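Trainee: need a structure here:
(chains A, B and C)
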Amino acid sequence: MNTATTANGHADPHGEGHYSGPLRWLTTTNHKDIGTMYLTFSLIMFFVGGAMILAVRAELFSPGLQLMQPEFFNQLIGVHALVMIFAALMPAATGFANWMLPLMIGAPDMALPRLNNWGFWLLPPAALLLTMPFFLALFGIGDGALATGWTFYAPLSVQGGMGVDFAILAVHILGISSIMGSINVIVTIFNMRAPGMTLMKMPLFAWGWLITAFLLLATLPVLAGAVTMLLTDRHFGTQFFDAAGGGDPILFQHLFWFFGHPEVYILLLPVWGLMPHVLATFSRKPTYGYKAQVYSFIVIGVLSLVVWAHHFFTAGLPVPALIYFMFSTMAISIPLAVLFFCWIATMWKGAMTFETPMLFAVGFIVLFGIAGLTGLILADVAADAQYHHSYFVVAHFHYALFAGGIMGVMTGVYYWLPKWTGHMYSEKLGKLHFWLTVVSFNLTFMPQFFLGLAGMPRRIPDYALQFAEFNAISTVGAMILGFSQLLFAWNIWSCIRGGEKAEPRVWEGAEGLEWELSSPPPHHSWEIQPVIK
Amino acid sequence: MTDQPTDFTPADLARRRSAARRLAWLLGLAVVVIYVLGLFIKR
Amino acid sequence: MNTSTEHPVSSPHYFVPQPTLYPVILSAGMFMLAFGFIQMLNKFGAGGWVMLAGTAVIIGVLFAWFGKVISESQSGAYRDWEDRSFRHGMIWFIGTEVMFFAAFFGALFYVRVLSVPTLAGMEAAHGFSLWPEFTGTWPTSGPGGASFTPMGAWGIPALNTALLLSSGATITWAHWALLRENRRQLILGLAATVLLGSIFLGFQAWEYHHAYTELGLTMGAGAYGATFFMLTGFHGFHVTLGTIMLTVILLRSISGHFTAKRHFAFEGVAWYWHFVDVVWLILFIFVYWV
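Mentor: Model (predicted):
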């Protein structure tokens, strides 16, 4: 280890010691190393969660039970969701924050580097806890992972097997990880900005993440409380969710969705933050409506905390509550429409070129628009009585979280990959990946809207014959979608290995501090902070 | 690698600018047409 | 070390710590704790022993990690810029703690305002009830729960309120003493706070014993028992943490750490203590009193 420190413990600017080999990654306090670990972990878990759901889609290819028992099917869908949300999407966004926030706001590093390392290293144990019950069941211990769906509703989860305990503890650890990450982001943004960079001069990506971090701080502890009550109901005799003791199973749904709805925006706000950067770069125009977008982020953040009950309109809420939650939910479409307007207006009359990140950005706008519009349908109490718990919901939130969340992450990866690795990725492969993804994504999920409208319920391994054709189409689409992601992994891998050297300003229209540094940036970026005028 | 479209001439960019504007008007027109057609659809 | 050292450093560099193994080991310890807990609940594997090992690892790492932070602080590595980071970090951390308690208070208000009255009103509203006898007067263990005696507000709980409120005063006294560089009063004030916190915990333990052995009030006593023990239990856990933190601060004060200008650790712990104090007040009102 190179211990080049000065007497008072300050890292020497020209060679902060770090270990080599695996120890480097275990011990690093560098925001870029930690960002790389987050992104790598996210990519691996994306394939783990994807493999689970491909098994599910294979089972759903035709009616009847072919491949697995219903219990195992239920375990796969629940763990798929938890893995994709907590271990793929959230770490990807945190990876972006770690890599890009210090570069974009002119900070020497994240504000709390050791805490940053801890935030990442909590993830692998949690992922292990989530998936371990599958393997324990092979040795005759327990009956597999949680089989309740990712929402672990009481009373099913109170009665469920030990997979529920694993999921509860995993959620606790994931929650601590995200809280540490969020505190770090907030402190970094408030305390580490370059001199002269006022909040209203800050890049929109930082704004998106700031609101995300606040939402995480506000809601994750509530989820932790909810699953703690679940644990004590399961093992220590409390009756939070049992009517015989004066409790109520619906209480769990309230607590869960108080976290669960803001979670949607936690997954999306970082993406909304990076979108204007990409659109402005490839339209060669400044971002349209900076202030409007900032205010929309704030309004959406606040609204997302007070609309949670639209996830269980059919649970039997009083009518005034239904009406309140319907209108407050629909109100979110106003700031969201402002964002859409700003994205499109950024492209208006722009000299657009369609490199891979731009393709993903435009694809995101169209497909995420479908998610928003179908969300309005579900927000309608009367309509939701029909569509609740049907495949319409499944299609809706995959348009939101795959086309919105994951395609947004892919936009960011292609946009910043040359900055991270110092090499250009292959445009040909990138474009192929985009078109395969978009076409197969729609092939997978568009039929599910119609399945839902026709009345097919979600979370079942078997279904009526009338749904057979659309399910077969959906499965074919899912297989293409899943396997074409290998192109993505391959493209990233070969970009890390080598390729055409990237310029500091990778894209000719790109604006911002991150493009002033070399590609890849030095181990310590912005040791001397830039001054913003 | 030659598939990196990095350098565009000013003429290229001007052409793209007007193309983007034309496309936007076209899409806007399509939306209006669909809206007007919708007025005549009886449920 | 008898005096805290302040290096006036003109360099604008932010302190980025050297690579460290503490976080990875801490995560491993937490994994062992969680996995052992699951083993214990589901009766397989070595259960309690794994938990014990995990706890030992966690305590060991926390000692080493905080020790490292204290030595960095004493060597003058932290200046105003780093200090601001810690302050922001602590404030938002306490914010998450507030939301954690909000979940349990939310559950309490939900059962009191919504679920219990609804269960009691089934007969009137729908002409049908599984439990037509259930009146829903709070405190209750629900229509199917065991009978119990609720905890009165004006015995031990009122005394505990007085104890925590005075501990808030003593820590503020200690802070004033620190700002005036009066070390004797600083140590006295902190020692008094630790003492008051410990007496509080002793009373709380006695109260639990009383509830379980004489009142029939257990975690299984329906909605009242669940909310009572989870709220007071998590609060007590936080008081325990706060008392440990205060003890560390007391020992550091005795060894001469902290100056009137630079004492984030003291303030962080004081904020945490006030937070615990406020939670108790809300708890006293809504759990014990009304």
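
Trainee: residue ranges with poor pLDDT in chain B?
Mentor: B:1-7, B:43 (pLDDT under 70).

Trainee: tally of neighbours for residue 176?
Mentor: By default, I'm working from chain A. Residues contacting A:I176 under the criterion other Cβ atoms under 10 Å in any protein chain shown number 20. Every residue, glycine included, has its C-beta placed from N, CA and C.

Trainee: switch to chain C, please.
Mentor: Residues contacting C:W176 under the criterion other Cβ under 10 Å number 13.

Trainee: next one: the strand or helix carrying it to chain centre, how far?
Mentor: Taking DSSP states H and E as the criterion, C:W176 maps to helix C:156-179. Centroid separation between helix C:156-179 and its chain, computed with Cα atoms, centre = their mean, to the nearest Å, is 16 Å.

Trainee: list the buried residues for the next helix or strand after that helix?
Mentor: Scanning forward in sequence from helix C:156-179, with DSSP H and E defining helices and strands, the next element found is helix C:183-210. Under the neighbour-count criterion of 16 or more other Cβ atoms under 10 Å in any protein chain shown, helix C:183-210 has C:186-187, C:189-194, C:196-198, C:200-201, C:203-204, C:207-208 buried.

Trainee: residue contacts, C:G48?
Mentor: If you count contacts by Cβ atoms under 8 Å, 6 or more residues apart in numbering or on different chains, C:G48 has them with C:36, C:40.

Trainee: in chain B, what residue lies closest to chain A?
Mentor: With Cβ to the nearest Cβ as the measure, B:L13 is the residue of chain B nearest to chain A, at 3.8 Å.

Trainee: mind listing what the residue nearest to that residue when sequence neighbours are not counted touches?
Mentor: Computed as Cβ to Cβ, 6 or more residues apart in numbering or on different chains, the closest residue to B:L13 that is not its neighbour in sequence is A:A351, at 3.8 Å. If a contact means Cβ under 8 Å, 6+ apart, then A:A351 has A:283-285, B:8, B:12-14, B:16-17, B:20 as its contacts.

Trainee: for A:L305, same thing?
Mentor: A:215, A:218-219, A:258, A:262.

Trainee: got it, and A:A379?
Mentor: Contact partners of A:A379, counting by Cβ under 8 Å, 6+ apart, are A:310, A:326, A:329-330.

Trainee: any idea how far the closest residue to it other than its chain neighbours lies from chain B?
Mentor: Closest residue in space to A:A379, ignoring its immediate chain neighbours: A:T329 at 4.1 Å, by Cβ to Cβ, 6+ apart. Counting by Cβ to the nearest Cβ, to the nearest Å, the separation of A:T329 from chain B is 25 Å.

Trainee: what about the helix or strand containing A:T329, average pLDDT?
Mentor: Using DSSP H and E, A:T329 sits within helix A:319-331. pLDDT averaged over helix A:319-331 equals 96, rounded to a whole number.

Trainee: just checking, what packs against it?
Mentor: helix A:356-379, helix A:381-387 (3 or more Cβ pairs under 8 Å, 6 or more residues apart in numbering or on different chains; DSSP states H and E).

Trainee: phi and psi next, for the residue nearest to A:G499 when sequence neighbours are not counted.
Mentor: Residue nearest to A:G499 in three dimensions, not counting chain neighbours: A:H423, with 3.7 Å by Cβ to Cβ, 6+ apart. Note on A:H423: backbone dihedrals following degrees, to the nearest 10 are phi -120, psi 150.

Trainee: and chain A, which residues reach chain B?
Mentor: Residues of chain A lying near chain B by Cβ under 8 Å from any Cβ of the partner chain: A:283-284, A:347-353, A:355, A:424, A:426-428, A:499-500, A:508.

Trainee: and the residue of chain A found nearest chain B, how far is that from B:P10?
Mentor: With Cβ to the nearest Cβ as the measure, A:A351 is the residue of chain A nearest to chain B, at 3.8 Å. Summarising the geometry, the distance separating A:A351 from B:P10, computed by Cβ to Cβ, to the nearest Å, is 9 Å.

Trainee: could you do A:T212 as well?
Mentor: Taking Cβ to Cβ as the criterion, A:T212 is separated from B:P10 by 39 Å.

Trainee: higher neighbour count, these two?
Mentor: For A:T212 versus B:P10, neighbours defined as other Cβ under 10 Å are more numerous around A:T212 (31 against 8).

Trainee: pLDDT of the helix or strand where the more buried one lies, averaged?
Mentor: Here A:T212 sits within helix A:204-235, counting by DSSP H and E. Over the span of helix A:204-235, the pLDDT mean works out to 98.

Trainee: likewise for stretch A:143-151?
Mentor: Over the span of stretch A:143-151, the pLDDT mean works out to 93.

Trainee: do the same with stretch C:92-103
Mentor: Stretch C:92-103 comes out at a mean pLDDT of 97.

Trainee: doesn't A:F205 make contact with A:Q293?
Mentor: No. Counting by Cβ atoms under 8 Å, A:Q293 does not reach A:F205; the two are 11.0 Å apart.

Trainee: can I see the domain layout of chain C?
Mentor: Each structural domain of chain C that the record assigns through automatic domain parsing is listed here as a residue range: C:16-77, C:80-289.

Trainee: tabulate those (JSON lines), appending distance to A:G404.
Mentor: JSON lines is the format used below for the domains of chain C (distance: least, Cβ to Cβ, whole Å):
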{"stretch": "domain C:16-77", "distance to A:G404": "31"}
{"stretch": "domain C:80-289", "distance to A:G404": "26"}
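
Trainee: neighbours of C:K261, just the number please.
Mentor: C:K261 sits with 11 neighbouring residues when counted by other Cβ under 10 Å.

Trainee: could you do the one 5 residues further on as well?
Mentor: Under the neighbour criterion other Cβ under 10 Å, C:F266 is assigned a count of 22.

Trainee: ok, back up a step: let's see the PyMOL selection covering just the buried ones among the residues of chain A next to chain B.
Mentor: Burial among those is assessed by 16+ other Cβ under 10 Å; the matching PyMOL selection reads:
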select buried, chain A and resi 283+284+347+350+351+352+353+355+424+426+427+499+500
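
Trainee: so which of the residues of chain A next to chain B belong to strands?
Mentor: Using DSSP state E, no member of the residues of chain A next to chain B falls within strands.

Trainee: once you drop chain neighbours, what's closest to A:T437?
Mentor: Nearest one to A:T437, counting by Cβ to Cβ, 6+ apart, is A:S484 at 5.9 Å.

Trainee: ok, now which ones touch that neighbour?
Mentor: A:S484 touches A:433, A:436-437, A:440, counting by Cβ under 8 Å, 6+ apart.

Trainee: just the helices in chain B please.
Mentor: Counting by DSSP state H, the segments of chain B that form helices are B:10-40.

Trainee: and if you look at the stretch 401-533 of chain A?
Mentor: Listed in chain order, the helices found in the stretch 401-533 of chain A under DSSP state H, counting those that start in this stretch are A:407-421, A:427-453, A:468-497.

Trainee: what's the angle from the second one to helix A:407-421?
Mentor: Inter-element angle recorded for helix A:427-453 and helix A:407-421: 160 degrees (by axes from the mean of the first three to the mean of the last three Cα atoms, to 10 degrees).
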